Structure formats: structure tokens, C-alpha cells
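1. got a structure for you, letters missing:
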């Protein structure tokens, strides 16, 4: 049997490592400048731990915002845990990196999207609900989709 290089799996692992590095830096040093994150994750994924009322409200997918107020950010090789504020009610969340579907930092127009085998080519999934992880009014705006740009565009 011929062995092949699974580039998709390698790329997903590298992208999740990038998220891990960014969150670890934020855990150690806080959010720099205007950086903030919209993180969408699969609430059904094994290892996800959220309050029952949040799971009832978001049975499949949830987007949280890490911006002005968060506590107890801890990052491991498997994922991260954080306490976010939902309507003046602090709630702890545990999110494995494998549950993350999108990671966006709109302050620098950076975003990652993890395709899954269930994702359809049509864009019906664009109707994701967002939850503010803090009470920032600007956090309610939907982040811009990430754009893939060829490096040739920047060569002289």
C-alpha cells in the first residue's frame, strides 16, 4: 500500500498550533493593542465543557469573543479554558482545539477556518450565532471573512 502525505491534517495541526501559541501569549502577557478574537467552536465536540444553559441555547455551534473582560485563561496542548462574562454572569468554558471551527482577529483582518468533512460547499452555515464574551458593543459586529492572498501579489 502506497503511503501518502496528508497535507490537510498537517495544515490543521499547524493552524491549531498557531492558535495555541497566540492564546498562550495572551494568557502570559494579556491582549496587546486592539487585538481581540472571535472563536467559533462545535459545542457537541467531546471535551467541550460549557454551562447547561449555554449548551441549550447553542446546541451545535457557538462563537465567543475574547476582548475586554476574561479571566483564568489556561492553555494546554489539547485546548484552552477561560471564564467569560455573559450578561454579568461569569461562566467557565473548556474548548479543545479540535472543536474550533474558526478563529478570527478582526483588528488585523486575520482568520482561520477549519473545514470538516460535514461542511457543505454551499454557504448555509454563514448563519452562525455569535455570543459576546464581554459587553463590548463593537463585539456584536460579524468579523470579515479571511481572505487567501497569493504572495506573488507582494513581489516586485
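-> Done, it's in. Since the structure is predicted, the reported quantities are computational estimates derived from the model, not experimental observations.
2. what's near enough to touch the spatially closest residue to residue 82 that is not a sequence neighbour?
-> Closest residue to residue 82 apart from its sequence neighbours, by Cβ to Cβ, 6 or more residues apart in numbering: residue 73 at 4.7 Å. C-beta: built from backbone N, CA, C; applies to glycine. The neighbours of residue 73, taking Cβ atoms under 8 Å, 6 or more residues apart in numbering as the test, are 23, 26, 27, 66, 80, 81, 82.
3. and if we set it to 7 Å?
-> 23, 26, 27, 80, 82 (Cβ atoms under 7 Å, 6 or more residues apart in numbering).
4. isn't there a strand covering it?
-> Yes: counting by DSSP: H, G, I helix; E, B strand; the rest coil, one finds residue 73 located in a strand.
5. Nearest to residue 111 among the contacts of residue 73?
-> residue 23 (15.2 Å; Cβ to Cβ).
6. Now name the helix or strand holding the closest one.
-> If you go by DSSP states H and E, residue 23 is part of helix 7-29.
7. Quick one: distance of the helix or strand that comes right after that helix to the chain centre.
-> Following helix 7-29 in sequence order, the next helix or strand is strand 37-42 (DSSP H and E). When distances are taken as Cα atoms, centre = their mean, to the nearest Å, strand 37-42 is centred 3 Å away from the chain's centroid.
8. could you list every residue that touches the residue positioned nearest the centre of the chain?
-> The chain has residue 39 as the residue nearest its centroid, 2.5 Å off, counting by Cα atoms, centre = their mean. The neighbours of residue 39, taking Cβ under 7 Å, 6+ apart as the test, are 63, 64, 66, 100, 103.
9. related to what we said a few turns ago, what's next to the helix holding residue 23, contact-wise?
-> For helix 7-29, the external contacting residues (Cβ under 7 Å, 6+ apart) are 73, 74, 75, 80, 97, 100, 103, 112, 114.
10. Reformat these as JSON lines; add pLDDT and distance to residue 11.
-> Shown next, in JSON lines, are the contacts of helix 7-29 (pLDDT from 0 to 100; distance: Cβ to Cβ, whole Å):
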{"residue": "73", "pLDDT": "96", "distance to residue 11": "25"}
{"residue": "74", "pLDDT": "97", "distance to residue 11": "26"}
{"residue": "75", "pLDDT": "97", "distance to residue 11": "21"}
{"residue": "80", "pLDDT": "97", "distance to residue 11": "20"}
{"residue": "97", "pLDDT": "95", "distance to residue 11": "14"}
{"residue": "100", "pLDDT": "95", "distance to residue 11": "14"}
{"residue": "103", "pLDDT": "95", "distance to residue 11": "14"}
{"residue": "112", "pLDDT": "92", "distance to residue 11": "10"}
{"residue": "114", "pLDDT": "88", "distance to residue 11": "10"}
